[in-house]
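K.L.:
Everything below, folded, please.
(one chain, ligands or ions: 1)
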Amino acid sequence: MVMAKYKVLHFKKDCISCGACAAIAPEYWEMDEEGMADLKGSKKVDDHYELDIDSEEAKAINQEAADVCPVNIIHVKEKKS
Ligand code: SF4
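P.N.:
Residues are numbered from 1 along each chain as shown. The predicted model follows:
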C-alpha cells in the first residue's frame with residue numbers, strides 16, 4: 001500500500017511569536033513557555049524541527065499554518081520513500 005507521507009518543518013529560531021499557527025491549527029501547534037511556537041511532537045533536526053505526517057488532512061492543516069506564518073518559517077514537504 002502506498003501512503004502519502006509528508007513532513008512539516010519549523011525553523012523555530014526565527015519565530016516572532018505571533019501565534020497565528022497555533023490559532024489556525026491548534027491540533028499541531030501551541031505556544032511554549034517562552035512564547036515561541038511549538039510543533040507538537042516534533043524532533044530537532046539540525047537547525048529546525050520536523051514532524052512526520054501521513055494524511056492529506058494533516059498536510060492541509062499544516063499547509064494552512066504555513067500560509068499564515070508571516071515570516072515563512074513553516075514548510076510542508078513530501079517525503080521521499
Ligand atoms: S505563525 Fe510563524 S511566526 Fe507566528 S507563532 Fe507560528 S511559527 Fe511563529
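K.L.:
what's next to the lengthiest helix in the chain, contact-wise?
P.N.:
In the chain, with assignment by DSSP state H, the single longest helix is helix 56-68. Helix 56-68 is contacted by residues 4, 6, 8, 20-21, 23-25, 27-29, 53, 72, 74-76 when judged by CB atoms under 8 Å, 6 or more residues apart in numbering. C-beta here means a position set from N, CA and C on the backbone, and glycine is covered the same way.
K.L.:
Which one among these sits at the bottom for pLDDT?
P.N.:
Across the contacts of helix 56-68, the smallest pLDDT goes to residue 4, namely 55.
K.L.:
number of nearby residues for residue 49?
P.N.:
19 (other CB atoms under 10 Å).
K.L.:
That should have said residue 14, apologies.
P.N.:
Other residues near residue 14 come to 13 when the count uses other CB under 10 Å.
K.L.:
what does residue 48 give?
P.N.:
The burial count assigned to residue 48 is 17, neighbours taken as other CB under 10 Å.
K.L.:
Provide a list of residues in contact with it.
P.N.:
Residue 48 is in contact with 9, 10, 11, 12, 13, counting by CB under 8 Å, 6+ apart.
K.L.:
Filter the residues you listed down to the buried ones.
P.N.:
Among these, the ones that count as buried by 16 or more other CB atoms under 10 Å are 9, 10, 12.
K.L.:
and the ligand, which of those reach it?
P.N.:
Applying CB under 6 Å from any ligand atom, the subset of the buried ones among the contacts of residue 48 adjacent to the ligand is empty.
K.L.:
With secondary structure, distance to residue 68 and pLDDT as added columns, please give the residues you listed in a markdown table.
P.N.:
As requested, the buried ones among the contacts of residue 48 are arranged in a markdown table below (DSSP: H, G, I helix; E, B strand; the rest coil; distance: CB to CB, whole Å; pLDDT from 0 to 100):
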| residue | secondary structure | distance to residue 68 | pLDDT |
| --- | --- | --- | --- |
| 9 | strand | 16 | 98 |
| 10 | strand | 13 | 98 |
| 12 | helix | 16 | 98 |
